[in-house]
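Undergrad: missing the sequence, but the structure's below:
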């Protein structure tokens, strides 16, 4: 047969509690290294990028808006998206800082 028969455990099964505890700890360890730790690393990198924003940086927002930073406030960033067209966004809405010169001409 492909499936072996399951045998009922006798009354003296005291070792099962320790084995299940090890299994739970092992599962939490795998969860931490595969999900929690990488997310914390990305959040830390995003925070560092947001704090390093400077006037003149070219950025993309989470909504997909491309612009050049003209003013930086404690909580807000002003982006020039076209000539004489500026919008104000929250700092955490900046998703990516582009290399200088990516935006050729804002028109």
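TA: Done, it's in. Keep in mind that this is a model prediction, so the values were computed, not measured.
Undergrad: tell me where the chain has helices.
TA: Listed in chain order, the helices found in the chain under DSSP state H are 16-31, 37-51.
Undergrad: kindly report which one of these carries the lowest mean pLDDT.
TA: Between the helices of the chain, the lowest average pLDDT goes to helix 16-31, which shows a mean of 90.
Undergrad: for the protein, give me the ranges with low pLDDT.
TA: Counting by pLDDT under 70, the ranges of the chain that qualify are 1-2, 6, 8-15, 105-107.
Undergrad: 90 - rerun?
TA: 1-20, 83, 100-107 (pLDDT under 90).
Undergrad: geometric centre of this structure: which residue is closest?
TA: Per C-alpha atoms, centre = their mean, the C-alpha nearest to the average position across the chain is that of residue 42, at 4.1 Å.
Undergrad: and the gap between that residue and residue 70?
TA: Distance of residue 42 to residue 70, computed by C-beta to C-beta, to the nearest Å: 27 Å. Glycine gets a C-beta too; all of them are placed from N, C-alpha and C.
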